[in-house]
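> build me a model:
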Amino acid sequence: MKCLILAAGYATRLYPLTENFPKPLLKVGEKTILDWLLDDIGSCGLVDAYIVVTNHKFAVHFREWAKGSGLPITVVDDGTSTNETRLGAVRDVMFAIDALKLDDDLLMIAGDNVLDFSLTRFIRYALEKGTSCTMRYRETDVKRLRKSGVSETDGNERLISLEEKPAEPKSEWCTPPFYFYKAADAARIKDAIADGCGTDAPGSLAAWMCRHTVMHSMEMPGSRYDIGDTASYENVQKTYKGITR
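Okay, here's the model as predicted:
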């Protein structure tokens, strides 16, 4: 299994902190955001390599970080240099798969969130289900739902639908940017894009995929801390205590 980390965004809402430095390498406590995630993922022993797909502007920072990580990390530069020319998350995934000729199961994560529970639970859930999977958590604030990926599931946790930033949310289930794709499903990304799949938000791929194959969705056993702007970053620095569940 490979872990593909989405880190090609420009984090403009965090300027000036991220004007010349990537958000995933900002410190939360004693670690970078990415180190919190990868130290946890590595604890299960099921991921044999990590791929960071980033932009040309920040590639050098990730390469320097990777050298000192002690992990098998490959940094893929998507060649873009501005927010206006970014490829979008789904095209970045396809770019990394093509560049490295990946044909493995993929744990796909955004590199700018921290969790207070171990992501290894999600990995084991996906392996037990034997399908591609997402996670979900309940959100009652309609305004937040309209800015998120909103999913529907059946009584067996099968993912029925997923919609990014819906004007009229169909449920209270938010889908964070953590996904598991079976190798056969990951190989269908070109088909998804050709079929009109959205390419900016990573959830658009899961939205397309759940209409074409069986997927499941695990209810999150804890909380996710999304670092989107200066206020949320300051709040995470004050309140995040690491993995406690």
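> okay, CA-based contacts and neighbour counts for the rest of this
Noted.
> select the longest helix from this structure.
In the chain, with assignment by DSSP state H, the single longest helix is helix 89-100.
> which secondary structure elements does that one contact?
Judged by 3 or more Cα pairs under 8 Å, 6 or more residues apart in numbering; DSSP states H and E, helix 89-100 is in contact with strand 2-7, strand 49-54, helix 189-194.
> what sits against the residue lying closest to residue 78 once chain neighbours are set aside?
Ranked by Cα to Cα, 6 or more residues apart in numbering and with sequence neighbours excluded, the top spatial neighbour of residue 78 is residue 55, at 5.1 Å. Applying Cα atoms under 8 Å, 6 or more residues apart in numbering, we find residue 55 in contact with 7-9, 77-81, 86.
> for the protein, where's the lowest mean pLDDT among helices and strands?
One helix or strand of the chain scores below all others by mean pLDDT, DSSP states H and E: strand 224-226, with a mean of 90.
> how close does the residue sitting furthest away from the middle of the chain get to residue 231?
Computed with Cα atoms, centre = their mean, the residue of the chain farthest from its C-alpha average is residue 155, at 25.3 Å. In this view, residue 155 and residue 231 are 37 Å apart by Cα to Cα, to the nearest Å.
> swap in residue 177?
Taken as Cα to Cα, the span from residue 177 to residue 231 is 20 Å.
> looking at the two, which is more packed in?
Ranked by neighbour count (other Cα atoms under 10 Å), residue 177 and residue 231 place residue 177 first, with 22 against 10.
> residues contacting the more buried one?
With Cα under 8 Å, 6+ apart, residue 177 has these contacts: 108-110, 202-203.
> please apply the same query to residue 173.
Residue 173 sits next to 136-139, 150-152 when contact means Cα under 8 Å, 6+ apart.
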